[in-house]
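Enquirer: Any chance you could fold what I've pasted below:
(2 chains)
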There are 2 protein chains.
Amino acid sequence: MSLSVAFKHFVRPRRLPVHLLSRASSTQIKFSCVDAHAARESRLKASLSQKPISKADTGPEPPYGRPKPSTYRIYRHSQPFSLTYHSTPLPSFDIAYETWGTLSPAHDNVILVHTGLSASSHAASTMANPAPGWWEKFIGPGKAIDTNQFFVICTNVLGGCYGSTGPSSIEPETGKPWATRFPILSIFDMVRAQFHLLDYLGIDKLYASVGSSMGGMQSLAAGWLFPDRVGKIVSISGTARSTPASIAMRYAQRSVLMADPNWNNGFYYDGLPPHTGMKLARQIATITYRSGPEWDQRFGRHLRPLPDLDQSEKRVPALCPDFLIETYLDHQGEQFCLEYDANSLIYISKAMDLFDMTQHVLDELNLKPSSHALRSHPSAGLPHGTSHSKSHPPPVNPAPHLSALAEGMTPLAHIPTLVLGVQSDILFTVEQQREVATALRLAGNQSVSYYELGGVWGHDTFLLDVLNVGGAVRGFLS
Amino acid sequence: MSLSVAFKHFVRPRRLPVHLLSRASSTQIKFSCVDAHAARESRLKASLSQKPISKADTGPEPPYGRPKPSTYRIYRHSQPFSLTYHSTPLPSFDIAYETWGTLSPAHDNVILVHTGLSASSHAASTMANPAPGWWEKFIGPGKAIDTNQFFVICTNVLGGCYGSTGPSSIEPETGKPWATRFPILSIFDMVRAQFHLLDYLGIDKLYASVGSSMGGMQSLAAGWLFPDRVGKIVSISGTARSTPASIAMRYAQRSVLMADPNWNNGFYYDGLPPHTGMKLARQIATITYRSGPEWDQRFGRHLRPLPDLDQSEKRVPALCPDFLIETYLDHQGEQFCLEYDANSLIYISKAMDLFDMTQHVLDELNLKPSSHALRSHPSAGLPHGTSHSKSHPPPVNPAPHLSALAEGMTPLAHIPTLVLGVQSDILFTVEQQREVATALRLAGNQSVSYYELGGVWGHDTFLLDVLNVGGAVRGFLS
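Expert: Below you'll find the model as predicted:
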């Protein structure tokens, strides 16, 4: 048996004593976790050569998966669409959407559900697509968002890659994917695009705007942009102002992605996607989505099983994944790296970083609430009405940034709002949840419901905790 | 002015409207943060071609910096050195060390200072090297570790790249760098190597073993391995058992590093080092070393200045670093990426992951304290003596893993120990500090001093907070 065969099945030479290893040449030491990138690249190259990339005007079909077009509807906006950061409008856009339940004759039972960064419009299973959605346990007959009562809409965000216009879409003028010629987006742009869809559907006012994570930002932005068109707001593990720590974590993801040579300044649509960068980015993201205490319980310090190791042999640790937590992160990255468009990740994560409802930031961007929103709010100031939460009363002398945030959030003063956060969330920390609730109250909102959950699931709690998150949402919507 | 010139000075085209951008070809869109990797690669290649890599037997001189050999002493251990995880010993090793103060005639005033992952032996300035050391403010005449009183030793760890034997060192048998043929190390191996140095220096017993971060692990391991040779232990922001969350963060760093094609399975010493992977790894590490509250205060949401932007122009955000927190991380990565050996980072971070003083883990590794350490400890059990800390008394019914950890730490039962942690530390969390203190007390240690600091500096507090960290250390050592 040659050395190279001996190494093939082992991540790191475990059985060979050091004096044997030292005779192996550099090319004979193998790291399966590293070779996985090259193996994936070979598979992708082979599949590309067999099946040329489609250049149909629905956009190219890069090797990452996306839902079949038949499983969602498309709203096509053919007019130029103005943007927050660019003076030149987007020439047109598509928004992919799905619906559940029945629109009432008065059109007054509509809930718009906003997604996190990477989710599609497929929030729950439909006739067209029976696969479970990303919020399957929360949306349906008798569930927290009860489709017996509500007409629920979920869209893929502007900038996404699941049917809505984004960097992977064809730019009308060139007939090629936008790539990084795509304009920088804001959360407000995403929400304004959604309200064009609502106009098209004949929906004047939402019963509620509901969102988690980035969707929480959108939910607040919807109420801010259209205070007369949003009945209630739910913000779960969101924020009104991204912090440097969350920017840092998204920056780390963009950095590893953009350093992948396959990223090619964003122009990879006729070749290989930056699958290695995407895998590494997802590993970092996964760390921010979960929490240490959950991993203590779930993985502890357990090692991955090595079925072919003799019981009598002493196990030598590997440089490739060795602990279960490492194989978990490796798996999460592997699952995601061909599922999602790298440029969508870059653009949407950037939009999250830029989100800030502080007054002077909104002023600089020349953002204004629509219609009657600029009416004066005589009740603004310290709250004096009832509140569902007794904890975290607004400070008597709020920090300057909090006052400025409250000033920016004044258009939300009359919209009942549920703010729900999770103590183990390291990405959208509980301090940010308290900040949102406090700023709303300082802005004069007397109908702020505030819930702070324990538990070990961190940021991902909104996807998992049907009992507490679902219960709070159901109670607030009823 | 051509488009490519217009882009040259701007990270992302800021002044060109979208309709102009759309005419630019893919090769004309520039991302300076991405181009920086290629530019660095070109510079490194040029310097390599001008100055061939030295093949002297002190090891090759890769392009990353290391202290000049004259600034530290070398202890050369020419005998085979047994290892925790490999049955074949390391044939020999070097340990680089520096000292401060004067050894007392009785050799009873010695403090061994253990470093974090990437530090050299240069803990403080010396005659040979007047550059400030990594703990400059803590070591010196009249400082927390008072060199008027103590003889202080600091080493580069086994596995490092600042003079001690590690993966970049020459393997005697082949005359080439070990690279990833280097054996996996344990924290215990590192400490045993240090005690060979102490033997050589004629030091039978340490007045104290003092360490921060990984050095905290070593400090505990020193007391465990040599309970009769360690008078006092200081563990600052360390742990007795790495958690899955900290393993995850180090795994993310190893992953980006090992995915860099220049890493080449660890065999890069006659070519380019994985400088891009190192930069990305350091960005991730920096996130774990600091804390969100500090960044709120220090960077907030401020953008980096763009001196050549007209005041009248609206600033368009960039995909490259834009917020100050991003430029900070970028700078930290850039500073580090040629300073340190990638394989040392991989091996030493792995040793940190593997560290676990739980009894059954120590049993499996066949680790035993030396000399009289296995004497019985009749006082083991719940503490009943005085303790400097009133907070966090040991639980009456400790969790099983805590009992097992306490059992493993029994050899430390008679060594006065200072455990100091920081509430804003996300890498070595305050829960881990409490765990160390509790396990020591459960093991019967009646002289545990426990300090828990507030503040916003996170894990890096041990490098910065002279007043509180220094004060606690000084008080404990006196």
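
Enquirer: Find the centremost residue of chain A, please.
Expert: Among the residues of chain A, the one closest to the centroid is residue A:117, at 1.8 Å (CA atoms, centre = their mean).

Enquirer: starting at the chain centroid, how far to stretch A:452-467?
Expert: Averaging C-alpha positions (CA atoms, centre = their mean, to the nearest Å) puts stretch A:452-467 16 Å from its chain's average.

Enquirer: Hmm, I typed the wrong one, I wanted stretch A:203-213.
Expert: 17 Å.

Enquirer: Can you point out the buried residues in it?
Expert: A:203, A:206, A:207, A:208, A:209, A:210, A:211, A:212, A:213 (16 or more other CB atoms under 10 Å in any protein chain shown). C-beta here means a position set from N, CA and C on the backbone, and glycine is covered the same way.

Enquirer: In TSV, list the residues you listed along with secondary structure and distance to chain B.
Expert: Rendered in TSV, the data for these read as follows (DSSP: H, G, I helix; E, B strand; the rest coil; distance: CB to the nearest CB, whole Å):
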residue	secondary structure	distance to chain B
A:203	coil	30
A:206	strand	29
A:207	coil	33
A:208	strand	29
A:209	strand	24
A:210	strand	26
A:211	strand	21
A:212	strand	20
A:213	coil	17
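
Enquirer: before we move on, back to that, wait, the residue nearest to the centre of chain A touches residue A:345, no?
Expert: Yes - using CB atoms under 8 Å, residue A:117 is in contact with residue A:345, at 7.2 Å.

Enquirer: what residues does the stretch 101-250 of chain A put near chain B?
Expert: A:171, A:173-174, A:178-181, A:183-184, A:241-245, A:247-249 (CB under 8 Å from any CB of the partner chain).

Enquirer: one more time with 7 Å, if that's ok
Expert: A:171, A:173-174, A:179-181, A:183-184, A:243-245, A:247-249 (CB under 7 Å from any CB of the partner chain).

Enquirer: now the strands: where do they sit in chain A?
Expert: A:73-77, A:93-100, A:110-114, A:139-140, A:145-146, A:151-155, A:170-171, A:176-177, A:208-212, A:233-236, A:417-422, A:448-453 (DSSP state E).

Enquirer: Can you lay out these as TSV showing distance to residue B:279?
Expert: As requested, the strands of chain A are arranged in TSV below (distance: least, CB to CB, whole Å):
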stretch	distance to residue B:279
strand A:73-77	41
strand A:93-100	36
strand A:110-114	35
strand A:139-140	43
strand A:145-146	44
strand A:151-155	37
strand A:170-171	32
strand A:176-177	29
strand A:208-212	33
strand A:233-236	35
strand A:417-422	33
strand A:448-453	37
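
Enquirer: quick one, which of those is nearest to residue A:310?
Expert: strand A:417-422 (44.5 Å; CB to CB).

Enquirer: ok now that closest one, how far from the chain's centre?
Expert: 17 Å.

Enquirer: Now it: buried residues?
Expert: A:417, A:418, A:419, A:420, A:421, A:422.

Enquirer: Then stretch A:169-177?
Expert: Buried-residue list, stretch A:169-177, by 16+ other CB under 10 Å: A:169, A:170, A:171, A:176, A:177.

Enquirer: Ok, stretch A:98-115 next?
Expert: Those would be A:98-101, A:103, A:107, A:109-115, for stretch A:98-115 by 16+ other CB under 10 Å.

Enquirer: how many neighbours does residue A:43 have?
Expert: For residue A:43, the neighbour count with other CB atoms under 10 Å in any protein chain shown is 13.

Enquirer: so how far is residue A:337 from it?
Expert: 12 Å (CB to CB, to the nearest Å).

Enquirer: circling back to that earlier point, make a markdown table out of the buried residues of stretch A:169-177 and add pLDDT.
Expert: Output for the buried residues of stretch A:169-177, formatted as a markdown table (pLDDT from 0 to 100):
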| residue | pLDDT |
| --- | --- |
| A:169 | 97 |
| A:170 | 96 |
| A:171 | 96 |
| A:176 | 96 |
| A:177 | 97 |
